[in-house]
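> got a predicted model here, sequence first, then my questions.
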Amino acid sequence: MNYNESARLGLERYQKDRDALLLAIESSCDETAASVLRGPREVVSMSVYTQIPLHRRFGGVVPELASRSHVEKVGSVVADALEKAGITLDDISAIAVTSGPGLVGALLVGVSYGKGLAFAKGLPLIGVNHLGGHIAANYLTYPDLEPPFICLVASGGHSHIIEVLDYDRFRLLGHTRDDAAGEAFDKVARALGLPYPGGPELEKLALTGDPKKYPFHSALNHSAEEADFSFSGIKTAVVNLMHNAAQKGETLSKADIAASFQRAVCDTLTLKAVHAAKEHGFNTLALAGGVSANRALRSSLARACEEQGIRFCCPDFRYCTDNAAMIACAGHYALMAGQLSGLDLNAAPDLELV
Ligand code: KG4
Ligand code: ZN
């Protein structure tokens with residue numbers, strides 16, 4: 001039997017077996033991750049190797065180093081996920097892998113490895129969109145959550161307000177016109193002298209600052225009717241504030257700047273996302289992407305949703321930043337919808353969700 005026939009039969013078996021196990025691999029940026037999933041939402045195991053210490057001294061992700069590290073680690077991370085699940089590759093019925101968006105060299109490692117495993121075992125293979133994975137992190141956290149709902153995806157590369165029409169059908173309602181939310185956090189953190197990745201460090205610093213000290217106003221961000229938003233202006237305002245103070249020999253409280261910046265980002269995302277949910281008649285709003293780990297954003301959205309009678313969902317902390325369990329979940333639903341990738345699956349650095 002050739003590979004395509006075997007994969008097609010494997011897909012039919014997978015769709016019929018509620019206890020079938022799926023192995024997922026994620027390598028789109030600076031985390032090498034693998035996970036075993038049973039059925040749609042039961043995470044049997046997960047393994048994440050983070051490259052943060054590797055990139056820290058450069059102040060950001062160095063793509064070439066990321067690719068090399070993925071090559072070194074992907075085998076042991078997959079082995080670790082299988083071992084934690086107490087199984088071997090022979091127990092796996094399908095393979096899911098992030099195929100984009102992300103760094104091309106990094107993506108290629110996971111895609112090649114996933115294809116190799118699928119071919120060697122004659123298993124069905126599915127390429128997964130990384131953003132679709134972030135959205136699916138909510139399904140792992142809320143067993144009863146089903147589309148349709150509105151999802152705010154805020155990560156290092158994207159800030160999108162998305163209508164989740166079905167497990168594999170999305171519509172873009174609004175997005176950032178320049179920097180992604182995570183990118184803005186990282187850039188401002190760097191200006192404040194914090195180490196990479198800046199988001200979590202800035203959040204810590206903001207805890208002791210005054211969020212009302214500097215009102216970073218923007219007409220676009222304060223208009224609820226305008227679905228798009230922008231973060232590069234806030235970032236520039238922070239940099240100018242620090243620059244002017246330095247020229248005058250003044251010292252500003254970094255904690256106040258961090259808290260005020262975080263508040264401006266949270267206010268904008270909350271205003272736009274809640275307005276989108278109301279305007280399009282949704283009673284559920286979910287948050288996804290690395291920035292969903294930010295407690296200030298989680299509570300700002302939770303508060304606004306409560307006021308409007310909207311259900312608010314956000315992923316369990318272990319599913320917020322890059323991991324393979326969310327990729328497994330999105331892959332499962334794609335396979336159940338009859339989608340299958342061939343061995344010509346390629347890394348797609350600019351892959352769009354909508
Ligand atoms: O989803 P993710 O892990 O990778 C991408 O798909 O981009 O998101 C990483 C981004 C980084 O910009 C990081 O600084 C940000 O998410 N991030 C946070 C927090 N944790 C991660 N930003 C603000 N507060 C956090 N606690
Ligand atoms: Zn991500």
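Noted; the coordinates are in hand. Numbering: from 1, shown residues only. Ligands and ions are numbered 1, 2, ... in the order given.

> give me the pLDDT value at the residue of the stretch 1-150 of the chain found nearest ligand 1.
In the stretch 1-150 of the chain, no residue comes nearer to ligand 1 than C29, which is 5.4 Å away by CB to the nearest ligand atom. In this view, the C-beta of every residue, glycine as well, is placed from N, C-alpha and C. Reading off the confidence values, C29 has pLDDT 97.

> that one: how many residues sit nearby?
Other residues lying near C29 total 25 when counted by other CB atoms under 10 Å.

> what's the spacing between it and R68?
14 Å (CB to CB, to the nearest Å).

> can you name the helix or strand that T236 falls in?
helix 232-247 (DSSP states H and E).

> what mean pLDDT would you report for that helix?
94.

> likewise for stretch 319-334?
Stretch 319-334 comes out at a mean pLDDT of 98.

> what's the spacing between that stretch and its chain's center?
Chain-centre distance of stretch 319-334: 9 Å, with CA atoms, centre = their mean, to the nearest Å.

> find the closest residue to ligand 2 in the stretch 51-200 of the chain.
Using CB to the ion, the closest approach of the stretch 51-200 of the chain to ligand 2 is made by S155 at 4.5 Å.

> and the helix or strand of the chain with the lowest mean pLDDT, which residues are buried?
Lowest mean confidence among the helices and strands of the chain (mean pLDDT, DSSP states H and E): helix 219-222, at a mean of 88. Using 16 or more other CB atoms under 10 Å as the test for burial, helix 219-222 gives N221.

> counting by contacts, list what that helix packs against.
helix 232-247, helix 254-279 (3 or more CB pairs under 8 Å, 6 or more residues apart in numbering; DSSP states H and E).

> just name the most buried of the ones you listed.
Neighbour counts (mean count of other CB atoms under 10 Å) averaged over each of the helices and strands packed on helix 219-222 peak at helix 254-279, with a mean of 22.

> is any part of it close to ligand 1?
No. Between helix 254-279 and ligand 1, judged by CB under 6 Å from any ligand atom, nothing touches; the nearest distance is 7.7 Å.

> quick one: mean pLDDT over that helix.
Rounded mean pLDDT across helix 254-279 is 97.

> next SSE downstream of that helix?
Downstream of helix 254-279, the first helix or strand assigned by DSSP H and E is strand 284-288.

> that following strand pairs with which strands?
Here strand 284-288 is paired, per DSSP bridges, with strand 149-154 (parallel), strand 311-313 (parallel).

> quick one: distance of it to the chain centre.
13 Å.

> got the contact list for that strand?
Applying CB atoms under 8 Å, 6 or more residues apart in numbering, the contact partners of strand 284-288 are 131, 134-135, 137-138, 145, 149-155, 164, 273-274, 277, 297-298, 301, 305, 310-315.

> mark which of these are buried, thanks.
131, 134-135, 137-138, 145, 149-155, 164, 273-274, 277, 297-298, 301, 305, 310, 312-315.

> nearest residue to the most centrally placed residue in the chain in space, please, no chain neighbours.
Compute the mean C-alpha point of the chain, and by CA atoms, centre = their mean the closest residue is G289, 3.2 Å away. Computed as CB to CB, 6 or more residues apart in numbering, the closest residue to G289 that is not its neighbour in sequence is S155, at 3.3 Å.

> also R13?
Sequence neighbours aside, S93 is the residue nearest to R13 in space, at 6.6 Å (criterion: CB to CB, 6+ apart).

> give me the number of residues near the one you found?
20.

> that one contacts G122, correct?
No. Under the criterion of CB atoms under 8 Å, S93 makes no contact with G122, lying 10.8 Å away.

> identify the contacts common to these two.
Residues touching both S93 and G122 (CB under 8 Å, 6+ apart) are G10.

> wait, what's in contact with the residue in the stretch 201-350 of the chain that ligand 1 sits nearest to?
Closest residue of the stretch 201-350 of the chain to ligand 1, CB to the nearest ligand atom: G290 (2.0 Å). By CB under 8 Å, 6+ apart, G290 lies in contact with A154, S155, G156, G182, G199, C320, T321, D322.
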